[in-house]
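Enquirer: kindly generate the corresponding structure for this input.
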Amino acid sequence: MEYGGKFMYQIRTDLALETQEKMQEDHVDLKGVRFLEEKVDKNITVSTVVIETENGAKTMGKPKGTYITIEAGNMDEEDEDYHREISVQLAKIIRQLIQEKNEELSVLVVGLGNREVTPDALGPRVVDNLFITRHIVKEYGKYAFGEKNVNRISSIVPGVMAQTGMESLEIIHGIIDETKPDLVIVIDALAARSTKRLNRTIQVTDTGINPGSGVGNHRHGLNKKSLGIPVISIGIPTVVDAATIVNDTMFNLIAAMSQSKAFDMLGDSLKELNDGEKYELIRELLSPNLNAMFVTPKDIDESVKRLSYTISEGINIAFMGEGLPA
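Expert: Now for the predicted structure:
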(Lines give C-alpha, C1' and ligand atoms only; values in the text may rest on other atoms or scores of the structure.)
Protein backbone atom coordinates (compact mmCIF):
# COMPACT_ATOMS: atom_id res chain seq x y z
CA MET A 1 0.00 0.00 0.00
CA GLU A 2 1.08 3.56 -0.60
CA TYR A 3 -0.10 6.68 1.24
CA GLY A 4 1.40 9.97 0.14
CA GLY A 5 4.23 8.17 -1.65
CA LYS A 6 5.16 6.23 1.50
CA PHE A 7 5.10 2.42 1.42
CA MET A 8 2.93 0.83 4.10
CA TYR A 9 2.70 -2.89 4.83
CA GLN A 10 -0.71 -4.35 5.65
CA ILE A 11 -0.77 -5.46 9.27
CA ARG A 12 -2.76 -8.62 9.97
CA THR A 13 -5.54 -7.53 12.31
CA ASP A 14 -9.32 -7.52 12.42
CA LEU A 15 -9.41 -4.66 14.94
CA ALA A 16 -10.13 -1.21 13.50
CA LEU A 17 -8.56 0.27 16.64
CA GLU A 18 -5.20 -1.36 15.86
CA THR A 19 -5.34 -0.20 12.24
CA GLN A 20 -6.08 3.34 13.41
CA GLU A 21 -3.17 3.19 15.87
CA LYS A 22 -0.79 1.99 13.16
CA MET A 23 -1.89 4.79 10.81
CA GLN A 24 -1.26 7.34 13.56
CA GLU A 25 2.20 5.92 14.25
CA ASP A 26 3.04 6.28 10.56
CA HIS A 27 1.57 9.82 10.47
CA VAL A 28 -1.02 8.94 7.84
CA ASP A 29 -3.67 11.61 7.29
CA LEU A 30 -6.91 9.93 8.39
CA LYS A 31 -9.47 12.20 6.74
CA GLY A 32 -12.99 10.89 7.08
CA VAL A 33 -12.14 8.89 10.23
CA ARG A 34 -13.19 9.94 13.74
CA PHE A 35 -11.76 8.50 16.95
CA LEU A 36 -13.09 8.73 20.50
CA GLU A 37 -11.81 7.09 23.68
CA GLU A 38 -13.68 6.83 26.98
CA LYS A 39 -12.46 5.43 30.28
CA VAL A 40 -15.53 3.65 31.66
CA ASP A 41 -13.72 2.13 34.62
CA LYS A 42 -10.11 1.99 35.78
CA ASN A 43 -9.82 -1.37 33.99
CA ILE A 44 -12.27 -0.86 31.11
CA THR A 45 -11.75 1.47 28.13
CA VAL A 46 -14.22 1.93 25.27
CA SER A 47 -12.79 3.23 21.98
CA THR A 48 -14.86 4.23 18.95
CA VAL A 49 -13.55 4.44 15.38
CA VAL A 50 -16.08 5.89 12.92
CA ILE A 51 -15.19 5.62 9.22
CA GLU A 52 -17.36 8.28 7.58
CA THR A 53 -16.16 8.49 3.97
CA GLU A 54 -15.10 6.18 1.13
CA ASN A 55 -11.65 7.78 1.26
CA GLY A 56 -11.39 6.96 4.96
CA ALA A 57 -12.52 3.39 4.24
CA LYS A 58 -9.84 3.02 1.56
CA THR A 59 -7.14 4.35 3.88
CA MET A 60 -8.17 2.08 6.76
CA GLY A 61 -8.82 -0.92 4.52
CA LYS A 62 -12.20 -1.44 6.21
CA PRO A 63 -15.84 -0.69 5.26
CA LYS A 64 -17.56 2.54 6.31
CA GLY A 65 -19.27 2.28 9.67
CA THR A 66 -18.82 2.33 13.43
CA TYR A 67 -16.27 0.13 15.22
CA ILE A 68 -16.51 0.09 19.01
CA THR A 69 -13.84 -1.68 21.06
CA ILE A 70 -14.05 -2.68 24.72
CA GLU A 71 -10.58 -3.14 26.21
CA ALA A 72 -10.49 -4.85 29.59
CA GLY A 73 -7.04 -5.76 30.89
CA ASN A 74 -8.39 -8.30 33.38
CA MET A 75 -10.89 -9.95 31.03
CA ASP A 76 -8.91 -13.21 31.12
CA GLU A 77 -9.32 -13.48 34.90
CA GLU A 78 -12.08 -15.29 36.79
CA ASP A 79 -14.01 -12.40 38.32
CA GLU A 80 -17.77 -12.70 37.88
CA ASP A 81 -18.54 -9.11 38.93
CA TYR A 82 -15.93 -7.78 36.50
CA HIS A 83 -17.26 -9.90 33.62
CA ARG A 84 -20.80 -8.81 34.47
CA GLU A 85 -19.67 -5.19 34.17
CA ILE A 86 -18.20 -5.95 30.72
CA SER A 87 -21.47 -7.68 29.71
CA VAL A 88 -23.49 -4.63 30.74
CA GLN A 89 -21.17 -2.38 28.72
CA LEU A 90 -21.52 -4.72 25.72
CA ALA A 91 -25.32 -4.61 26.04
CA LYS A 92 -25.25 -0.79 25.95
CA ILE A 93 -23.12 -0.83 22.79
CA ILE A 94 -25.43 -3.32 21.06
CA ARG A 95 -28.43 -1.12 21.84
CA GLN A 96 -26.52 1.91 20.58
CA LEU A 97 -25.82 0.25 17.21
CA ILE A 98 -29.34 -1.07 16.62
CA GLN A 99 -30.91 0.87 13.76
CA GLU A 100 -34.40 -0.58 14.21
CA LYS A 101 -36.01 1.09 17.24
CA ASN A 102 -39.07 -1.16 17.40
CA GLU A 103 -40.49 -2.11 20.78
CA GLU A 104 -40.17 -5.75 19.71
CA LEU A 105 -37.44 -7.15 17.52
CA SER A 106 -36.85 -10.50 15.89
CA VAL A 107 -33.11 -11.19 16.20
CA LEU A 108 -31.10 -13.98 14.58
CA VAL A 109 -27.80 -14.69 16.36
CA VAL A 110 -25.18 -16.48 14.24
CA GLY A 111 -22.27 -18.26 15.90
CA LEU A 112 -19.51 -18.53 13.29
CA GLY A 113 -16.54 -20.85 13.68
CA ASN A 114 -15.53 -24.45 14.16
CA ARG A 115 -16.64 -25.96 17.46
CA GLU A 116 -13.84 -28.57 17.21
CA VAL A 117 -11.04 -25.95 17.10
CA THR A 118 -10.88 -24.14 20.45
CA PRO A 119 -9.60 -20.70 19.28
CA ASP A 120 -12.35 -20.73 16.64
CA ALA A 121 -15.13 -22.01 18.90
CA LEU A 122 -16.20 -18.65 20.37
CA GLY A 123 -19.27 -18.20 18.14
CA PRO A 124 -20.76 -21.67 18.74
CA ARG A 125 -20.08 -21.42 22.50
CA VAL A 126 -21.86 -18.04 22.72
CA VAL A 127 -24.93 -19.49 21.01
CA ASP A 128 -24.94 -22.38 23.53
CA ASN A 129 -25.45 -19.88 26.38
CA LEU A 130 -28.12 -17.64 24.83
CA PHE A 131 -31.65 -17.22 26.11
CA ILE A 132 -33.62 -18.33 23.03
CA THR A 133 -37.24 -17.10 22.95
CA ARG A 134 -38.63 -17.24 19.40
CA HIS A 135 -40.14 -20.73 19.72
CA ILE A 136 -41.78 -19.89 23.07
CA VAL A 137 -43.32 -16.68 21.72
CA LYS A 138 -44.58 -18.53 18.62
CA GLU A 139 -46.12 -21.32 20.71
CA TYR A 140 -47.48 -19.49 23.76
CA GLY A 141 -47.35 -15.78 22.90
CA LYS A 142 -45.29 -13.02 24.49
CA TYR A 143 -47.39 -13.03 27.66
CA ALA A 144 -45.73 -16.34 28.59
CA PHE A 145 -42.92 -14.12 29.87
CA GLY A 146 -45.27 -11.82 31.76
CA GLU A 147 -44.08 -8.88 29.69
CA LYS A 148 -45.88 -6.55 27.31
CA ASN A 149 -43.04 -6.59 24.78
CA VAL A 150 -40.69 -9.51 24.18
CA ASN A 151 -37.88 -9.70 21.63
CA ARG A 152 -37.82 -12.95 19.66
CA ILE A 153 -34.32 -14.44 19.75
CA SER A 154 -33.32 -17.32 17.48
CA SER A 155 -29.86 -18.70 16.70
CA ILE A 156 -27.87 -20.86 14.31
CA VAL A 157 -24.35 -22.33 14.21
CA PRO A 158 -23.73 -22.78 10.46
CA GLY A 159 -20.40 -24.57 10.91
CA VAL A 160 -17.53 -24.16 8.45
CA MET A 161 -17.40 -24.96 4.74
CA ALA A 162 -15.29 -28.10 5.30
CA GLN A 163 -18.13 -29.49 7.44
CA THR A 164 -21.14 -28.39 5.38
CA GLY A 165 -19.92 -27.77 1.83
CA MET A 166 -21.83 -24.48 1.94
CA GLU A 167 -20.90 -20.85 2.49
CA SER A 168 -22.18 -19.41 5.77
CA LEU A 169 -23.89 -16.74 3.63
CA GLU A 170 -25.93 -19.38 1.79
CA ILE A 171 -27.14 -21.00 5.01
CA ILE A 172 -27.99 -17.71 6.71
CA HIS A 173 -29.74 -16.38 3.60
CA GLY A 174 -32.07 -19.36 3.64
CA ILE A 175 -32.89 -18.86 7.32
CA ILE A 176 -33.56 -15.13 6.83
CA ASP A 177 -35.89 -15.86 3.90
CA GLU A 178 -37.86 -18.29 6.08
CA THR A 179 -37.90 -16.55 9.50
CA LYS A 180 -37.78 -12.84 8.45
CA PRO A 181 -35.70 -11.42 11.37
CA ASP A 182 -35.23 -7.65 11.82
CA LEU A 183 -31.57 -7.92 12.76
CA VAL A 184 -28.65 -10.35 12.56
CA ILE A 185 -25.94 -10.52 15.22
CA VAL A 186 -22.81 -12.41 14.15
CA ILE A 187 -20.19 -13.67 16.62
CA ASP A 188 -16.74 -14.78 15.46
CA ALA A 189 -13.16 -15.17 16.68
CA LEU A 190 -10.75 -12.52 15.37
CA ALA A 191 -7.03 -12.00 14.85
CA ALA A 192 -5.11 -9.22 16.64
CA ARG A 193 -1.95 -7.30 15.87
CA SER A 194 -0.90 -7.12 19.51
CA THR A 195 -0.56 -10.08 21.88
CA LYS A 196 -1.71 -7.89 24.78
CA ARG A 197 -5.19 -7.70 23.20
CA LEU A 198 -5.68 -11.45 22.89
CA ASN A 199 -8.75 -12.50 24.93
CA ARG A 200 -8.89 -9.01 26.48
CA THR A 201 -10.71 -7.08 23.75
CA ILE A 202 -14.23 -7.11 22.29
CA GLN A 203 -14.96 -5.39 18.97
CA VAL A 204 -18.55 -4.55 18.06
CA THR A 205 -19.37 -3.08 14.66
CA ASP A 206 -22.36 -2.35 12.42
CA THR A 207 -20.43 -3.22 9.25
CA GLY A 208 -20.84 -7.00 9.40
CA ILE A 209 -17.98 -9.47 9.01
CA ASN A 210 -16.08 -11.70 6.57
CA PRO A 211 -15.99 -15.25 8.02
CA GLY A 212 -12.45 -16.61 8.31
CA SER A 213 -10.80 -13.26 7.55
CA GLY A 214 -8.75 -13.42 10.76
CA VAL A 215 -6.69 -16.33 9.45
CA GLY A 216 -6.74 -15.32 5.78
CA ASN A 217 -9.67 -17.53 4.68
CA HIS A 218 -11.81 -14.88 3.00
CA ARG A 219 -15.44 -15.91 2.49
CA HIS A 220 -18.49 -14.00 1.33
CA GLY A 221 -19.18 -11.11 3.69
CA LEU A 222 -22.14 -11.09 6.06
CA ASN A 223 -23.40 -7.51 6.00
CA LYS A 224 -26.49 -5.43 5.26
CA LYS A 225 -25.80 -5.47 1.52
CA SER A 226 -25.51 -9.26 1.28
CA LEU A 227 -28.25 -10.18 3.78
CA GLY A 228 -30.71 -7.32 3.21
CA ILE A 229 -31.09 -6.46 6.92
CA PRO A 230 -28.85 -4.73 9.50
CA VAL A 231 -25.92 -6.82 10.77
CA ILE A 232 -24.02 -6.27 14.02
CA SER A 233 -20.84 -8.29 14.46
CA ILE A 234 -19.14 -9.08 17.78
CA GLY A 235 -15.66 -10.56 17.97
CA ILE A 236 -12.79 -11.27 20.34
CA PRO A 237 -9.22 -11.75 19.05
CA THR A 238 -8.04 -15.25 20.00
CA VAL A 239 -5.05 -15.60 17.63
CA VAL A 240 -2.12 -13.53 16.43
CA ASP A 241 -0.02 -14.00 13.28
CA ALA A 242 3.36 -15.67 14.03
CA ALA A 243 5.12 -13.18 11.74
CA THR A 244 3.72 -10.35 13.86
CA ILE A 245 5.21 -11.83 17.05
CA VAL A 246 8.61 -12.22 15.38
CA ASN A 247 8.32 -8.67 14.03
CA ASP A 248 7.78 -7.34 17.56
CA THR A 249 10.70 -9.44 18.83
CA MET A 250 12.89 -8.08 16.05
CA PHE A 251 11.92 -4.52 17.01
CA ASN A 252 12.97 -5.20 20.61
CA LEU A 253 16.18 -6.87 19.41
CA ILE A 254 17.14 -3.82 17.35
CA ALA A 255 16.48 -1.58 20.35
CA ALA A 256 18.66 -3.81 22.54
CA MET A 257 21.44 -3.90 19.93
CA SER A 258 21.48 -0.11 19.84
CA GLN A 259 22.54 -0.20 23.49
CA SER A 260 25.37 -2.66 22.87
CA LYS A 261 28.66 -1.61 21.25
CA ALA A 262 29.39 -5.20 20.20
CA PHE A 263 26.35 -5.21 17.91
CA ASP A 264 26.50 -1.59 16.72
CA MET A 265 27.07 -2.41 13.05
CA LEU A 266 24.38 -5.13 12.83
CA GLY A 267 21.92 -3.01 14.81
CA ASP A 268 22.47 -0.02 12.51
CA SER A 269 21.98 -2.11 9.36
CA LEU A 270 18.67 -3.51 10.66
CA LYS A 271 17.60 -0.03 11.73
CA GLU A 272 17.84 1.17 8.14
CA LEU A 273 15.00 -1.16 7.11
CA ASN A 274 11.51 0.36 7.15
CA ASP A 275 8.56 -1.44 8.76
CA GLY A 276 7.43 -3.02 5.50
CA GLU A 277 10.91 -4.34 4.69
CA LYS A 278 11.32 -5.79 8.19
CA TYR A 279 7.95 -7.52 7.96
CA GLU A 280 8.68 -8.98 4.51
CA LEU A 281 12.13 -10.15 5.70
CA ILE A 282 10.48 -11.96 8.60
CA ARG A 283 7.89 -13.62 6.36
CA GLU A 284 10.68 -14.85 4.08
CA LEU A 285 12.64 -16.22 7.04
CA LEU A 286 9.53 -18.00 8.33
CA SER A 287 8.65 -19.52 4.95
CA PRO A 288 7.57 -22.09 4.06
CA ASN A 289 6.89 -23.97 7.30
CA LEU A 290 5.90 -21.17 9.69
CA ASN A 291 4.63 -18.52 7.28
CA ALA A 292 0.94 -19.29 7.77
CA MET A 293 1.14 -20.09 11.48
CA PHE A 294 -1.16 -18.41 14.00
CA VAL A 295 -0.51 -18.46 17.73
CA THR A 296 -3.00 -18.64 20.60
CA PRO A 297 -2.50 -18.50 24.41
CA LYS A 298 -2.00 -21.82 26.23
CA ASP A 299 -5.08 -21.26 28.42
CA ILE A 300 -7.36 -20.71 25.41
CA ASP A 301 -9.81 -23.46 26.52
CA GLU A 302 -10.72 -21.68 29.74
CA SER A 303 -10.60 -18.25 28.09
CA VAL A 304 -13.07 -19.16 25.33
CA LYS A 305 -15.40 -20.79 27.86
CA ARG A 306 -15.33 -17.71 30.11
CA LEU A 307 -15.57 -15.14 27.31
CA SER A 308 -18.46 -16.94 25.61
CA TYR A 309 -20.47 -16.48 28.82
CA THR A 310 -19.52 -12.78 28.92
CA ILE A 311 -20.73 -12.15 25.35
CA SER A 312 -23.90 -14.25 25.66
CA GLU A 313 -24.79 -12.45 28.88
CA GLY A 314 -24.30 -9.11 27.13
CA ILE A 315 -26.68 -10.17 24.34
CA ASN A 316 -29.20 -11.52 26.88
CA ILE A 317 -29.11 -8.23 28.81
CA ALA A 318 -29.46 -6.18 25.60
CA PHE A 319 -32.64 -7.94 24.50
CA MET A 320 -34.14 -9.49 27.63
CA GLY A 321 -32.72 -7.46 30.52
CA GLU A 322 -34.32 -4.04 30.66
CA GLY A 323 -35.96 -3.73 27.26
CA LEU A 324 -34.78 -1.67 24.33
CA PRO A 325 -34.53 2.11 24.65
CA ALA A 326 -37.17 4.18 22.92
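Enquirer: mind listing the helices for the stretch 151-300 of the chain?
Expert: Using DSSP state H, counting those that start in this stretch, the helices of the stretch 151-300 of the chain run over 161-164, 168-179, 224-227, 242-258, 264-271, 275-286, 300-316.
Enquirer: mean pLDDT lowest for which of those helices?
Expert: When these are compared by mean pLDDT, helix 264-271 comes last with a mean of 56.
Enquirer: surely Glu38 meets Ile44?
Expert: No. At 9.4 Å, Glu38 does not count as touching Ile44 under the criterion of CB atoms under 8 Å. Placement of C-beta: from N, CA and C, glycine included.
Enquirer: look at the two and report which has more neighbours.
Expert: The neighbour count for Glu38 versus Ile44, taken as other CB atoms under 10 Å, is higher for Ile44 (18 against 9).
Enquirer: ok, and the closest non-adjacent residue to that one?
Expert: Ala72 (5.0 Å; CB to CB, 6 or more residues apart in numbering).
Enquirer: next, count neighbours for the one you found.
Expert: Neighbours around Ala72, by other CB under 10 Å: 23.
Enquirer: go on, Gly228?
Expert: 12.
Enquirer: burial of Asn43, as a residue count?
Expert: Residues near Asn43, counting by other CB under 10 Å: 16.
Enquirer: so who does it touch?
Expert: Counting by CB atoms under 8 Å, 6 or more residues apart in numbering, Asn43 makes contact with 72-74, 82.
Enquirer: please tell me how far it sits from Gly111.
Expert: Asn43 sits 27 Å away from Gly111, going by CB to CB, to the nearest Å.
Enquirer: ok, now Asp206?
Expert: 19 Å.
Enquirer: Leu36 now?
Expert: Taking CB to CB, one finds Leu36 at 30 Å from Gly111.
Enquirer: and the two? Which one has more around it.
Expert: Neighbour tally, Leu36 and Gly111, criterion other CB under 10 Å: the higher count belongs to Gly111, 26 against 10.
Enquirer: which parts of the chain are strands?
Expert: Secondary structure of the chain (DSSP state E): strands at 2-3, 6-7, 33-41, 44-51, 65-72, 106-111, 152-156, 183-192, 201-205, 231-241, 294-295.
Enquirer: in the third one, what's buried?
Expert: Spelled out, it's strand 33-41. By 16 or more other CB atoms under 10 Å, the buried positions in strand 33-41 come out as 33, 40.
Enquirer: residue ranges with poor pLDDT in the chain?
Expert: Low-confidence regions of the chain, defined by pLDDT under 70, span residues 1-11, 211-219, 247, 250-292, 322-326.
Enquirer: could you save the strands of the chain as CSV and add columns showing distance to Gly221?
Expert: Formatted as CSV, the strands of the chain follow (distance: least, CB to CB, whole Å):
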stretch, distance to Gly221
strand 2-3, 24
strand 6-7, 28
strand 33-41, 20
strand 44-51, 15
strand 65-72, 12
strand 106-111, 13
strand 152-156, 17
strand 183-192, 10
strand 201-205, 12
strand 231-241, 9
strand 294-295, 21
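Enquirer: which of those sits closest to Val304?
Expert: strand 231-241 (6.9 Å; CB to CB).
Enquirer: how far off centre is that closest one?
Expert: Relative to the centre of its chain, strand 231-241 is centred 3 Å away, using CA atoms, centre = their mean, to the nearest Å.
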